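[1] Fold the following for me, if possible:
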Amino acid sequence: MMAPSVYFRKEMQAAGFSIDDGEHPIVPVMLGDAVLAQKMSQKLLKHGIYAVGFFFPVVAKGKARIRTQISAAHTKKDLDTAIKAFAQTYAELTD
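    Residues are numbered from 1 along each chain as shown. Purely as a prediction, here's the structure:
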């Protein structure tokens, strides 16, 4: 398997999320909207996914995001669970 952070980035991109390419373990999921980032962070926690929302004044207006940090300890199953939770949560909040 490729590095966990690379796998997570590629699969999140395939799920339609805006994520830059790279290998860094910190993977920002760009959402743009502060309220969406806050709500997603809260809902993801209910799925067992701890991911922090960042928004103004921590980041520039319009650059809100969910910050994830991937480690070598994350299994493919862990990452797939997180990707599914992101996709479901995003769909719930944007439909």
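
[2] Residue 11: what's it in contact with?
    Counting by Cβ atoms under 8 Å, 6 or more residues apart in numbering, residue 11 touches 79-80, 83. For glycine as for every other residue, the C-beta is placed from the backbone atoms N, C-alpha and C.

[3] How about the contacts made by residue 3?
    Counting by Cβ under 8 Å, 6+ apart, the residues that residue 3 touches are residue 23.

[4] same deal with residue 50?
    Applying Cβ under 8 Å, 6+ apart, the residues contacting residue 50 are residue 44.

[5] Could you find the closest non-adjacent residue to residue 80?
    If the residues on either side of it in the chain are set aside, residue 80 comes closest to residue 11, at 7.5 Å by Cβ to Cβ, 6 or more residues apart in numbering.

[6] hang on, the one you found is in a helix, isn't it?
    Yes - looking at residue 11 with DSSP: H, G, I helix; E, B strand; the rest coil, it is inside a helix.

[7] how far away is it from residue 24?
    16 Å (Cβ to Cβ, to the nearest Å).

[8] what residue ranges in the protein score low on pLDDT?
    Screening the chain residue by residue with the criterion pLDDT under 70, one finds the ranges 1.

[9] which residues in the protein form helices?
    Counting by DSSP state H, one finds helices in the chain at the ranges 4-14, 34-46, 76-94.
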